[in-house]
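Engineer: Task: produce atomic coordinates for the following.
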Amino acid sequence: MSDDGLIEVRCKGVSRRYADGTRTITALDGFTDTFRSGETVAVTGPSGSGKSTLLGLLAALDYADDGTIHLGETELGSLSTVEQTQLRAERISYLGSEHNLLPILSVYENISLALSLKRLAEAEIDRRIRENLRRVDLWDLAYRRPAELSSGERARAAIARALASDNPVLIADEPTAHLDAEDAERIARLLAAAASDGRHLVIFATHDPVVASYADRTVRLRSDARSPERGSA
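Structural biologist: Down below sits the predicted model:
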């Protein structure tokens, strides 16, 4: 992070390949771009174009085969798996399409568990949970378990958990994949608003052009070469 607290994520020539029997599949090939605080970026492209692969690399969930990814001054490829986990706890919030809420815990408890990793005081944890559940219009359901919520409500709960962590980078992989059009747009607005303070960077993958339109700009991946095309939503 820079002295003013802002952050850049710089990708240069990033490639990722996977073995599939006797074949090698290139999931991402030579991706280069820079993402900055205050941006909401939509990553789009057809199925198999490398959207999830790219977001997994940006979230320090995987390692690139070629190229580099810097989060501020930290080169993600140089980190051990333990250091990756610590980086995600402190600087990166990651949302998958399944939301990853623990079924035996209430929404409040799910968020509290995530915040406990930050060693915050109980009063601060409670303040953050209340503030962010109200932010996503979910405080009335704070003590319900995920099975008692709709898909849209579970998605909002996962976003509240990410916002409560207050990490400078929020990465979401198809966060609206299982939602109807109304809920999908609601989630897209919340993601866009998360970066509006200028201190946070939001990157999300989507196949939905309406959801992508809420981003400040769009990075389109092609399925042939997995290389990016820049555009604006």
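
Engineer: any idea which element the residue minimising distance to the centre of the chain lies in?
Structural biologist: Nearest residue to the geometric centre of the chain (C-alpha atoms, centre = their mean): residue 171, 1.3 Å. Per DSSP states H and E, residue 171 falls inside strand 169-173.

Engineer: What residues sit buried inside that strand?
Structural biologist: Buried residues in strand 169-173, counted by 16 or more other C-beta atoms under 10 Å: 169, 170, 171, 172, 173. For the C-beta atoms, the positions are set from N, CA and C on the backbone; glycine is no exception.

Engineer: ok, so of the residues you listed, who is nearest residue 153?
Structural biologist: residue 172 (16.4 Å; C-beta to C-beta).

Engineer: Show me what the closest one bridges to in the sheet.
Structural biologist: Assessed by DSSP bridges, residue 172 has beta-bridge partners residue 95, residue 204.

Engineer: show me the residues around it that make contact.
Structural biologist: Listed by C-beta atoms under 8 Å, 6 or more residues apart in numbering, the contact set of residue 172 reads 55, 94, 95, 96, 162, 191, 202, 203, 204, 205.

Engineer: Need the buried residues of strand 169-173 in CSV (columns: pLDDT and distance to residue 149).
Structural biologist: Output for those, formatted as CSV (pLDDT from 0 to 100; distance: C-beta to C-beta, whole Å):
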residue, pLDDT, distance to residue 149
169, 96, 26
170, 95, 21
171, 96, 23
172, 94, 18
173, 93, 20
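
Engineer: would you turn those residues into JSON lines with distance to residue 51?
Structural biologist: Below are the buried residues of strand 169-173 laid out as JSON lines (distance: C-beta to C-beta, whole Å):
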{"residue": "169", "distance to residue 51": "17"}
{"residue": "170", "distance to residue 51": "16"}
{"residue": "171", "distance to residue 51": "11"}
{"residue": "172", "distance to residue 51": "11"}
{"residue": "173", "distance to residue 51": "7"}
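
Engineer: Measure how buried residue 148 is and give me the count.
Structural biologist: Look at residue 148: counted by other C-beta atoms under 10 Å, it has 12 neighbours.

Engineer: try residue 155
Structural biologist: When neighbours are counted by other C-beta under 10 Å, residue 155 registers 28.

Engineer: Excluding chain neighbours, what is closest to the residue nearest to the centre of the chain?
Structural biologist: Closest residue to residue 171 apart from its sequence neighbours, by C-beta to C-beta, 6 or more residues apart in numbering: residue 59 at 4.7 Å.

Engineer: Sketch out the low-pLDDT regions of the chain for me.
Structural biologist: For the chain, the stretches flagged by pLDDT under 70 are 1-5, 224-233.
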